[in-house]
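*Asks:* pasting a predicted model and its sequence here:
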Amino acid sequence: MEQQEYSQYDIDDDEYGAVTLFLYYVKLIVAFCVMILTTILWTLVLLLLIPWPYERIKLGNMWGHVTGRLLFLILGNPVKIEGLEHSYNKAVFISNHASVFDVLLIMWLTPIGSVGIAKKEIVWYPLLGQIYWLANHLRIDRSNPSRAIQSMKEISIKLETFWLEIRSPV
């Protein structure tokens with residue numbers, strides 16, 4: 001008699017997948033709680049660093065590194081990174097937003113000291129928006145073309161100083 005191979009989920013699941021669904025929701029709740037906790041902790045420190053904008057940028061990047069890695073670990077999403085040896089050169093990082101994980105990956109992988117650019121409405125996004133604003137990242141008013149062009153001109157000057165990350169969450 002041939003022995004069948006079973007995956008971990010085949011053994012644990014009932015015919016409707018209730019166990020898998022339950023585990024999925026538990027992971028989401030834990031990930032959300034971790035994001036809330038790290039955001040509260042970083043916000044308190046960022047508030048203390050209001051007079052030092054460059055230190056806030058670096059600390060905001062550190063929040064992204066810690067939170068991004070933790071969320072991928074908790075959610076169980078395997079990530080294979082290729083070309084990491086090139087990430088310490090000055091670069092422009094652009095996200096195409098193929099999935100919600102793009103923002104988490106950019107938060108995790110951009111070098112400390114990177115400056116993000118996003119639409120001005122990002123400040124209204126819970127958790128991410130407040131950290132983004134406190135970390136002194138740049139925002140563009142896309143509703144007014146002349147202001148957007150002026151913002152981009154100012155930002156191009158900063159390309160000489162900072163490693164630039166372009167981020168525009170949907």
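*Replies:* Arrived safely, thanks for sending. Just so it is clear, the model here is predicted, and its values are computed rather than measured.
*Asks:* how about the longest helix belonging to the chain: buried residues?
*Replies:* Longest helix in the chain by number of residues, with DSSP state H as the criterion: helix 18-48. By neighbour count on 16 or more other CB atoms under 10 Å, the buried set for helix 18-48 is 31, 34, 35, 38, 39, 42, 43, 46. Placement of C-beta: from N, CA and C, glycine included.
*Asks:* so what does it touch, helix or strand wise?
*Replies:* With contacts defined as 3 or more CB pairs under 8 Å, 6 or more residues apart in numbering; DSSP states H and E, the packing partners of helix 18-48 are helix 8-12, helix 53-75, helix 128-134.
*Asks:* nearest to residue 118, out of those helices?
*Replies:* Ranking the helices and strands packed on helix 18-48 by proximity to residue 118 (CB to CB) places helix 128-134 first, at 6.5 Å.
*Asks:* starting at the chain centroid, how far to the closest one?
*Replies:* Between the centre of helix 128-134 and the centre of its chain there are 11 Å (CA atoms, centre = their mean, to the nearest Å).
*Asks:* contacts for it?
*Replies:* Counting by CB atoms under 8 Å, 6 or more residues apart in numbering, helix 128-134 makes contact with 39, 42-43, 46-47, 56, 60, 63, 103, 116, 118, 122-123, 125, 139, 169, all of which sit outside it.
*Asks:* same question, stretch 52-66
*Replies:* Under the contact criterion CB under 8 Å, 6+ apart, stretch 52-66 has outside partners 38-39, 42, 45-46, 49-50, 106-108, 110-115, 131-132, 134-137, 162.
*Asks:* residues of that stretch that come out buried?
*Replies:* Neighbour-count burial for stretch 52-66 [16+ other CB under 10 Å]: 55, 56, 57, 58, 59, 60, 61, 63, 64, 65, 66.
*Asks:* which of the helices and strands packed on helix 18-48 comes out lowest on mean pLDDT?
*Replies:* Taking each of those in turn, the one with the lowest mean pLDDT is helix 8-12, at a mean of 52.
*Asks:* return the member of the contacts of helix 128-134 nearest to residue 95.
*Replies:* Closest approach to residue 95 among these (CB to CB): residue 103, at 6.6 Å.
*Asks:* from the middle of its chain, how far away would the helix or strand harbouring the closest one be?
*Replies:* Taking DSSP states H and E as the definition, one finds residue 103 inside helix 101-109. Remark: helix 101-109 is offset 4 Å from the chain centroid, using CA atoms, centre = their mean.
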